[in-house]
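S.K.: fold the following.
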Amino acid sequence: MSAPLTEIETPVVVIDRERLLANLDRVAGIAARHGVRLRPHVKTHKCLEIAGLQLDRGAVGITAAKVDEALVFIENGMRSVTVAYPLVDRRKVHRLLASARNHGTELRVTVDSRRGVEILAQSATELGVSVGVFLEIDVGLHRCGVREDAPDLVQLARSLSGSRSLQFLGLLSHAGHAYGSADRAGVEAIAAEECAILRRVRGTLESAGIEVAEVSVGSTPTVLASVDYEGITEIRPGNYVFMDRTPVRLGLATLEQVALTVVATVVSRNDAFLITDAGSKVLSSDLGAHGTGGAGGFGVAFPLNCAPIGAAGLNVAKLSEEHGFIERTADIPVGARLRIVPNHACPVVNLADELLVVSDEQLVDRWHVAARGSVR
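M.R.: Numbering: from 1, shown residues only. Down below sits the predicted model:
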């Protein structure tokens, strides 16, 4: 299988094995130092091989976004899975609970509404199972979750703790608004506020006689920037495995730590742009997680086998479906290869059938994106 990267057809999504392993070790070390469990989010890589590497480094299980994504890992032997998404469709809940029961998988789910509680309880009763449930708390992203001052906060938690078929595990949050910060200090402040909100909610529930055994937080920026894990029992970062342009912009990673890049070929050029064979169907048109931008453009490109162009690289200014428009601020010939650091690695992976694993610029493996397109 070994072959030089310069000889592989493009466009391709490439994983630098040594950088990947270093990123995995970095966050495993954070979890160990702070005494928290690591349950990484697989929506970033959707890959069984990478999940295995995470388990090898102490992960207690995985987190998934959608039911069908979780099923890929359940059906391939994953022993403990959290679905960190509000489930309100009875069909989805039923097939998730049934699969977990049939494969002997510990299943943990999240709710933020009365409807979610009712559907989970009904399906669990029908299937004769007990399901662990987190109450999701809105810590500032204002996407999903119950606000700490919501009038039904205690009532929702009590409906879980008093259920015969549901087991109330505790609180779960995602401070995704940290991706929109200006710098590391901004991320650190959001991480501190997330922990403070969760401590207050925990206190409210415990004052009402409701035990809160677990407090689970997730987002790569806050995990990398946080200095305070008081009261936190679990972290659920996802993007850390690869990194991308966003943590680099935030000062949480360097370009040398980015493990996922897209290798593309310059297929044409004009006075303004180098045109590559990687367009939106490869790079996605994502400006960053949760729609955040900040860096400008759709990625940054560096020559693979040409003369260096400096630390700033070349801006991927525009995309059409099959073409990338890279600002022609360096004289790079048609046929040359470029290595592109995308804004957001997660959607890039979901557009790829496989990840090409390289070591010292040599192809050493190919990993199937097993949960690609699992969005239900």
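S.K.: state the number of residues packed around residue 277.
M.R.: 18 (other CB atoms under 10 Å). Backbone N, C-alpha and C define where each C-beta goes, glycine included.
S.K.: what do you get for residue 225?
M.R.: 24.
S.K.: show me the contacts for it.
M.R.: For residue 225, the contact set (CB atoms under 8 Å, 6 or more residues apart in numbering) comprises 178, 184, 187-188, 191, 250, 252.
S.K.: between those, which is nearest residue 374?
M.R.: residue 178 (25.5 Å; CB to CB).
S.K.: still on that earlier bit, please indicate which of the contacts of residue 225 are buried?
M.R.: Among those, those classed as buried by 16 or more other CB atoms under 10 Å are 178, 187-188, 191, 250, 252.
S.K.: gap between the helix or strand of the chain with the lowest mean pLDDT and the chain center?
M.R.: In the chain, no helix or strand scores lower on mean pLDDT, DSSP states H and E than strand 3-4, which sits at a mean of 85. Mean-position distance between strand 3-4 and its chain equals 30 Å (CA atoms, centre = their mean, to the nearest Å).
S.K.: right, and the helix or strand after that strand?
M.R.: Going down the chain from strand 3-4, the next helix or strand is strand 12-16, by DSSP states H and E.
S.K.: so what are the sheet partners of that following strand and their directions?
M.R.: Sheet pairing for strand 12-16, assigned by DSSP bridges, gives strand 260-269 (antiparallel), strand 354-359 (parallel).
S.K.: now do the helix or strand just after that strand: everything it contacts.
M.R.: Counting by DSSP H and E, the next helix or strand C-terminal to strand 12-16 is helix 17-34. Helix 17-34 has contacts (CB under 8 Å, 6+ apart) with 37-38, 40, 50, 53-54, 57-59, 223-224, 229, 232, 235, 237, 240-243, 256-259, 357-359, 364-365.
S.K.: state the mean pLDDT of helix 17-34.
M.R.: Computed over helix 17-34, the mean pLDDT rounds to 98.
S.K.: now it and strand 260-269, what's the angle there?
M.R.: Calculated by axes from the mean of the first three to the mean of the last three CA atoms, to 10 degrees, helix 17-34 forms an angle of 150 degrees with strand 260-269.
S.K.: on that earlier part again, in strands, which of the buried ones among the contacts of residue 225 appear?
M.R.: The members of the buried ones among the contacts of residue 225 all map outside strands under DSSP state E.
S.K.: dump the residues you listed to TSV, plus pLDDT.
M.R.: Shown next, in TSV, are the buried ones among the contacts of residue 225 (pLDDT from 0 to 100):
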residue	pLDDT
178	95
187	97
188	97
191	97
250	95
252	97
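S.K.: please convert those residues to JSON lines, extending it with distance to residue 118.
M.R.: Listed next are the buried ones among the contacts of residue 225 as JSON lines, based on distance: CB to CB, whole Å:
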{"residue": "178", "distance to residue 118": "32"}
{"residue": "187", "distance to residue 118": "37"}
{"residue": "188", "distance to residue 118": "39"}
{"residue": "191", "distance to residue 118": "33"}
{"residue": "250", "distance to residue 118": "40"}
{"residue": "252", "distance to residue 118": "40"}
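S.K.: in terms of distance to residue 279, which of the residues you listed ranks first?
M.R.: Among these, and counting by CB to CB, the member closest to residue 279 is residue 250, at 26.4 Å.
S.K.: about what we covered before: which one of the strands paired with strand 12-16 is the most hemmed in?
M.R.: The highest mean neighbour count among the strands paired with strand 12-16, using mean count of other CB atoms under 10 Å, belongs to strand 260-269: a mean of 22.
S.K.: tell me where the model's unsure across this protein.
M.R.: The model of the chain has pLDDT under 70 over residues 1, 290-295, 305-310.
S.K.: any idea how far the residue nearest the centre of it is from residue 230?
M.R.: Centroid check for the chain by CA atoms, centre = their mean gives residue 238 as the closest residue, at 3.2 Å. The spacing between residue 238 and residue 230, counted by CB to CB, to the nearest Å, is 23 Å.
S.K.: how about residue 261?
M.R.: Residue 261 is 37 Å from residue 230, by CB to CB.
S.K.: over to residue 202?
M.R.: To residue 230, residue 202 is 11 Å away according to CB to CB.
S.K.: of the two, who's got more company?
M.R.: Taking neighbours as other CB under 10 Å, residue 202 and residue 230 compare with residue 202 leading, 18 against 11.
S.K.: now the element after the strand or helix carrying the more buried one, going C-ward?
M.R.: Using DSSP H and E, residue 202 falls within helix 184-207. Next along the chain after helix 184-207, taking DSSP H and E as the criterion, comes strand 214-218.
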